[in-house]
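>>> Fold the following for me, if possible:
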Amino acid sequence: MSEKLIQSVMRATEIMELFLGQQKELSVKEISEGLGLSKSTVHGIIKTLVYKGYLYQSGENAKYQLGMKLFELGNVVGSQLDITYISRPVIKKLGEQLGETIHLVAYVQGEAVYVEKLEGSHSLRIYSQVGKRAPLHCTGVGKAILAFLPAEEREEIIDQLSMERYTIKTVVDKAELKKQLAEVRRHLFAMDDEEIEIGLKCVASPIFNHQGKVVASISCAIPTVRFSNDRQQAIIQGIKEAAEAISAAIGYRRENT
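Sure thing, here's the model as predicted:
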């Protein structure tokens, strides 16, 4: 970096980042050892962080924990995160890479809703449009979300699904749907094999927030005539990488879930 970094600020952030691991509270000794610094060096920074509310010292064991100021800031960040805005650069890059239609779907109050659509370089008229609901049982984006909901919520939703048939390939058996969802959880992507439109396939992957909860999904829709084995692998890889990038941008860390 050409910019000059302020060492004390760097060390303050490194102290707070120590709590990203399994430890919920740390002593001055543990903090100094974790950063490879002397106790005297970190002591003043810790006291400042406590004074500003970024750290809290327990009265029981004198160890330090993350303070409420970080919780307050986290709530502000969460309220400012617009997944559609954040996803656009990723969607644009993926669209250029694959040349196919890309969708972003958000999970809102028990429903999957199309919130972004980037048309591919090929003319393609398909079911989706921004603001429209995506059926959970027969779209890639719907299944990618449904598969990663908490088990109790997922079962409750499946119980209430009408399992409407859109094509001869639409899965209308709930037991079969559950088998598919288990595969989605195992491989981190979902397939729509002409289940909502004949001649159209879709690959989708889930997007997780900072709490590890599924909040959206991203997909690529492609006509079956262009869905060769080689293309399938490239699309699956591209979609999974895009979902990971968006998840990371909104705070998801696999090790924290």
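
>>> When you work out contacts or count neighbours from here on, use the C-alpha atoms and nothing else.
OK.

>>> And the strands in the stretch 1-150 of the chain?
For the stretch 1-150 of the chain, strands defined by DSSP state E, counting those that start in this stretch occupy the ranges 55-57, 64-66, 101-108, 111-118, 133-134.

>>> For Asp192, find the nearest of those.
Closest approach to Asp192 among the strands of the stretch 1-150 of the chain is made by strand 133-134 (11.7 Å; C-alpha to C-alpha).

>>> if we can go back for a sec, the strands of the stretch 1-150 of the chain: which one's closest to Gln211?
Closest to Gln211 of the strands of the stretch 1-150 of the chain, according to C-alpha to C-alpha: strand 101-108, at 14.8 Å.

>>> What strands line up against the closest one, and which way round?
Partners of strand 101-108 in the sheet, by DSSP bridges, are strand 111-118 (antiparallel), strand 214-223 (antiparallel).

>>> hey, which of those is tucked in deepest?
Using mean count of other C-alpha atoms under 10 Å, the stretch among these with the greatest mean number of neighbours is strand 214-223 (a mean of 26).

>>> Contacts for that strand, please.
100-108, 112, 140-142, 144-145, 148-149, 199-209, 235, 239, 242-243 (C-alpha atoms under 8 Å, 6 or more residues apart in numbering).

>>> picking that back up, save the strands paired with strand 101-108 as TSV, and put in distance to Asp192 and mean pLDDT too.
Formatted as TSV, those follow (distance: least, C-alpha to C-alpha, whole Å; pLDDT from 0 to 100):
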stretch	distance to Asp192	mean pLDDT
strand 111-118	15	86
strand 214-223	9	93
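
>>> between the ones you listed, which one is nearest to Tyr56?
Evaluated over the strands paired with strand 101-108, closeness to Tyr56 peaks at strand 214-223, with 30.9 Å, by C-alpha to C-alpha.

>>> what's downstream of the closest one, the next helix or strand?
helix 229-249 (DSSP states H and E).

>>> what about that next one, average pLDDT?
Averaged across helix 229-249, pLDDT comes to 92.

>>> Now do it: which elements does it pack against?
helix 83-98, strand 200-208, strand 214-223 (3 or more C-alpha pairs under 8 Å, 6 or more residues apart in numbering; DSSP states H and E).

>>> What's the mean pLDDT across the first one?
So that's helix 83-98. For helix 83-98, the mean per-residue pLDDT is 90.

>>> cool, and the second one?
Mean pLDDT, taken over the full extent of strand 200-208, equals 95.

>>> Check stretch 148-156 too.
On average, stretch 148-156 scores 95.

>>> follow-up on the earlier one: can you tell me which of the helices and strands packed on helix 229-249 is nearest to Gln57?
Among these, if distance is taken as C-alpha to C-alpha, the winner is strand 200-208, at 31.9 Å.

>>> Tell me which strands the closest one pairs with, and in which orientation.
strand 190-193 (antiparallel), strand 214-223 (antiparallel).

>>> Tell me who's in contact with the closest residue to Ile45 other than its chain neighbours.
Among residues not flanking Ile45 along the chain, Ala12 sits closest, at 6.2 Å (C-alpha to C-alpha, 6 or more residues apart in numbering). Residues counted as contacts of Ala12 (C-alpha under 8 Å, 6+ apart) are 45-46, 49.

>>> on that earlier part again, of the strands paired with strand 101-108, which approaches Ile6 most closely?
Nearest of these (C-alpha to C-alpha): strand 214-223, 36.4 Å.

>>> and the helix or strand hosting Lys178, which residues are buried?
Secondary structure from DSSP H and E places Lys178 in helix 174-187. Neighbour counts over helix 174-187 (16 or more other C-alpha atoms under 10 Å) mark 177-178, 180-181, 184-185 as buried.

>>> again with stretch 247-257
In terms of neighbour count (16+ other C-alpha under 10 Å), stretch 247-257 has its buried residues at 247-253.

>>> same question, stretch 143-156
Across stretch 143-156, burial judged by 16+ other C-alpha under 10 Å covers 143-148, 154.

>>> Nearest to Gly120 among those?
Closest to Gly120 out of the buried residues of stretch 143-156 is Ala144 (21.3 Å), distances taken as C-alpha to C-alpha.
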